[in-house]
Every structure is written in structure tokens, then in C-alpha cells.
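S.K.: Provided below for reference: sequence and predicted model.
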Amino acid sequence: MKGFWLIFFIGVVSASALVSGYRTSAISPTNNEAVMRKFEAAFNNHDVAAMTALVAQNVQWLSVNGDKLAVETNGKAELEKWLKGYFQSCPSCRSEFEALMIAGSYVTVREKAMWESKSGPKVQRSLGVYELRDGLIQRVWYYPVEK
């Protein structure tokens, strides 16, 4: 009978560990994708308030170009100001995540940007990596546009 209780106890502890671990790993990627989809939708609606609600207070937006890394914006207030100017200068800008890959706290996107220019519709693609912590975007790295 002691063997039964020992096996039962090990089973309960193992199940608890599995369920606990499952929750952590299952919620995080799903939540990170949901955050990214909300960010994409807010961008397409030019809703700066909705976008900045999804970023950390100390968010950083960085541009990567070869061996150079430039800080485009540092902090939520700077990002908000930049986004307002961006949408004023490009009222037709839209974006679509053509591919999205999650690796823990990091989400990589292949983005297709679209807008209307004086010469007609324009499209460009780029790669971005977003770092998310506690459901908020902490840091973003954007790579040069591919021709």
C-alpha cells in the first residue's frame, strides 16, 4: 500500500509540474502573438494610443544596419511623438505581418509596408525583432529594407 501512495504522490507532483510548466509556456507565446496582432491592427488604424498601450515605459526602437545600431526612439513618450509625426507624413501607410515567429520573449516578423505615393502604390519588406516582457513590447530591432 505504501508503494501505491508513493506512486500516487509522484504522479500528483509530476502532473502539477507539467500543468504549471504548460501554462507558462503555452500562455506566453499565445499572448505574445496576441500583443503583436493588436500592435499591427493599431498601426493600421493609426491609433497611437492603442500602440503605446502595448509598449513598456522604457521601450526602445532600434535600427540595425550592418555593424551599426541606432536608437530611433528611447521611451514611450518619444515613440508616441515619433508615431504621430509618422502618421501625419504618411496617412496611407499600412503594414502586414507576412510571417511571425515566436521564440520565447522574442517575436520576429517579416513586415510588408504599403502606402500611396505621387507615382502610385508602393510596397517594401523588412525584418523586425520584438522583445516582449510581461505582455509589453520592451525593445524593437528593425533591419534595412530589402529591395
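M.R.: Right, received. Where do you want to start?

S.K.: which strand in this structure runs the most residues?
M.R.: strand 120-133 (DSSP state E).

S.K.: so where's the protein shaky on pLDDT?
M.R.: Residue ranges of the chain with pLDDT under 70: 1-29.

S.K.: Let me see the ranges of the strands in it.
M.R.: 55-65, 68-74, 94-103, 106-117, 120-133, 136-142.

S.K.: Mean neighbour count for those strands - can I get that in CSV?
M.R.: Backbone N, C-alpha and C define where each C-beta goes, glycine included. As requested, the strands of the chain are exported to CSV (neighbours: other Cβ atoms under 10 Å):
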stretch, mean neighbour count
strand 55-65, 16
strand 68-74, 12
strand 94-103, 14
strand 106-117, 16
strand 120-133, 15
strand 136-142, 19
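
S.K.: before we move on, back to that, counting contacts, what elements does the longest strand of the chain pack onto?
M.R.: With contacts defined as 3 or more Cβ pairs under 8 Å, 6 or more residues apart in numbering; DSSP states H and E, strand 120-133 has these neighbours: helix 2-44, strand 106-117, strand 136-142.

S.K.: Now do it against strand 55-65, angle only.
M.R.: Using axes from the mean of the first three to the mean of the last three Cα atoms, to 10 degrees, the direction of strand 120-133 lies 120 degrees away from that of strand 55-65.

S.K.: For strand 120-133, give me every contacting residue.
M.R.: Strand 120-133 has contacts (Cβ atoms under 8 Å, 6 or more residues apart in numbering) with 32, 35-36, 56, 98, 105-116, 137-146.

S.K.: How far away from the center of its chain is that strand?
M.R.: 11 Å (Cα atoms, centre = their mean, to the nearest Å).

S.K.: How about Arg55, nearest residue that isn't a chain neighbour?
M.R.: Not quite, residue 55 is Val, not Arg. Nearest residue to Val55 in three dimensions, chain neighbours excluded: Ile137, at 4.5 Å (Cβ to Cβ, 6 or more residues apart in numbering).

S.K.: Brilliant, that's me finished.
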